[in-house]
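Trainee: Turn this into a structure:
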Amino acid sequence: MSHQAGRIAAVIGIAVILTAVTATFSLKLAEQLGRLSVPPLYDDVVYFVAAVQWLNEAPSHGIAENVYGLLHQHAPFSTLTAAIGFSLRPEGYLGPYAINAVIILAFLLGLAGLLWRRSLVDIATCMVGAACVPMLWQTMTEARPDLPWGLALGLAIGAVLHRPLLQRSRWSIFGVGVVCGLASAIKPSAVPASFACIGLATAVQLACECLESDIRTFRAAVRRAALPALLFAAGLLAGTLPIVGVELVETIRYILKVMIYDRDLWVINESFRTSLMHYSIGAEGRVALNYWLWIGLGLATIRICFAVLVNRRDVGAAATILAAGLVAYAIPTLANVKTYFFGAMFYGVFIVTMLLNFDAVVAGLDAVISRLTPRQALQRWLSSGLHLVPLAAVLSLFVANCFPGGLTLPTSLTPGQIQDIRTATAKVWSLLEQKSLLRGTMEASGQLGKVPVISFSSPYPVTPTTIQLYAVQARMRVDVRGVFFDRTLDAAEKALLASDVAIVTSSMPHNLPGPWMGDELIERMDANPGMCLVDSLPLLTARVIRIYRRGNPGCGTSTPDSR
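Mentor: Numbering: from 1, shown residues only. Prediction:
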């Protein structure tokens, strides 16, 4: 008992130290050139708004109503973590990012649980190795569900693969299904992809177990695996539906909108080869995994060769883990829309399967050393080196991440972008906060009780939802809209003219049509006698951002020299 208690304390201590170092250095980097260097940006700010609104309404609602309100969100997990972050640190926006340290700690402890039968040195090696992968550091700098979902999905796949399913009790199989369901629910819009990844990995695992057993016919294999498969599927649904079910219809609409209706806005024209390499040696893969891709592939190759040549009993497990990794890579690769964040499915599964392969390779080499080395002293020396050298290597790599240039962020901003976002956001909010702009607009329209409408032609340099966040925090009633998806100049102009305040940025390259038309929209706003020019700010990374308000006809819109 004392040995187990000491072992548990050591693992927790290692996880806490790794988490503290990772959190400190990654947040420091984010404050220099990442999300914390500017006001909140997409998509993080969406969850911040939802969290603040939920916190504002919570005191007047009961427990059941608050729980329902939390589940009635696009991603309840991210809304909850943001709410906890704001509760622990109300000032600023560090809290919703710092809370991600809990996610990293949970992942490292979950990883230790999967490897608990190994020596403490091997567990420490795997934990430090996982903490070296850039994706784990980047989880601290993003307040959206994607990266936690990827890590949780990796642990879920590991829970399925690390021990034979057919040898487990019925409640154990159901429990693993629930765990997988909870991991899937972290990102509701990716539940179909999560189910496909988990389902295919589980099917391969059951098939390999049936092949390795005494079952000799297909019918007998189906009969043996049917009940475990049904129990697992029941657990999967039990862990997912209570969280995702409330917003299921809206989630389906969101998936259809992104993947089908607005597909042309997100899909990049590229060759099949380039598309195939996105999450491995492409830009996304290099940011998330860097050289760990080659280390993981090397370990997978060594394990398969070792299983074929030395330990035939490990062939099934090695093939199952390889299949799980390939499935996790294929799903985001075959999707129409490719982003760094959707690739989190592969990154998380890759980290876990890489470390499971490392565990198997070390165990196999340990067995070879004990069998082929007759001298006890030499055997102990070789065995110690086998365990300690990898630990020393990953420790050196972990320390290297702490130095400048040792890490790359998925959201990295240039000094010009940081200055533009800060200056423009502060200017727009200061005009709205003083209420003089809105009061003049309401007086001109003769609708003093109406909620003012603020429209933006571009998400840059001012993120519209950031202004909405500021308004929610200040308890100010405004209707903030983004005129990004209007595909024609006339439609965009009509939407801006229907607002009380219009913020228009000059033309800039972007995947949304609104920012393309910035110059033409400025010309039309200037020429419209019902729109008054309030201010015009020169930008470093785009030419200008102009602020208009609705006014009496003939209010005039002189064009400043800053344009």
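
Trainee: Which strands and helices lie in contact with the helix or strand containing residue 136?
Mentor: Per DSSP states H and E: residue 136 is located in helix 134-138. Using 3 or more C-beta pairs under 8 Å, 6 or more residues apart in numbering; DSSP states H and E as the contact test, the elements touching helix 134-138 are helix 2-33, helix 146-161, helix 283-288, helix 344-372. Where you see a C-beta, it was placed from the backbone N, CA and C, and this is true even at glycine.

Trainee: again, only this time at 6 Å
Mentor: In terms of contacts (3 or more C-beta pairs under 6 Å, 6 or more residues apart in numbering; DSSP states H and E), helix 134-138 is not packed against any helix or strand.

Trainee: Contacts for it, please.
Mentor: For helix 134-138, contacts defined as C-beta atoms under 6 Å, 6 or more residues apart in numbering pick out 22, 26, 288, 290, 347, 407, 410.

Trainee: quick check, residue 413 in a helix?
Mentor: No - assigned with DSSP: H, G, I helix; E, B strand; the rest coil, residue 413 falls outside any helix and is coil.

Trainee: what bits of this protein have low per-residue confidence?
Mentor: With pLDDT under 70 as the threshold, the chain has low-confidence stretches at 1, 435-436, 438-449, 553-563.

Trainee: In space, not sequence, find me the middle residue of it.
Mentor: For the chain, the residue nearest the mean C-alpha position is residue 146 (2.1 Å; C-alpha atoms, centre = their mean).

Trainee: Can you classify the closest residue in space to residue 515 that isn't next to it in sequence by secondary structure?
Mentor: Leaving aside its sequence neighbours, residue 515 sits nearest to residue 458 (C-beta to C-beta, 6 or more residues apart in numbering; 4.2 Å). The three-state label given to residue 458 by three-state DSSP is coil.

Trainee: Can you name the residues that contact residue 458?
Mentor: Residues in contact with residue 458 (C-beta under 6 Å, 6+ apart) are 505, 514, 515.

Trainee: residue contacts, the second one?
Mentor: Residues counted as contacts of residue 514 (C-beta under 6 Å, 6+ apart) are 457, 458, 483, 484, 492.

Trainee: Where does residue 454 fall, secondary structure wise?
Mentor: strand 453-456.

Trainee: so after that strand, what's the next helix or strand?
Mentor: Per DSSP H and E, the first helix or strand lying C-terminal to strand 453-456 is helix 464-473.

Trainee: Which SSE is immediately downstream of that next one?
Mentor: Using DSSP H and E, the helix or strand that directly follows helix 464-473 along the chain is strand 479-482.

Trainee: could I get that next one in PDB with only the CA atoms?
Mentor: Presented in PDB, the C-alpha positions along strand 479-482 are these (Å, rounded to 0.1, in the frame of the first residue of the first chain):
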ATOM      1  CA  ASP A 479     -27.400  44.000 -31.700                       C
ATOM      2  CA  VAL A 480     -24.000  43.200 -33.200                       C
ATOM      3  CA  ARG A 481     -24.000  41.700 -36.700                       C
ATOM      4  CA  GLY A 482     -21.300  40.600 -39.100                       C
END
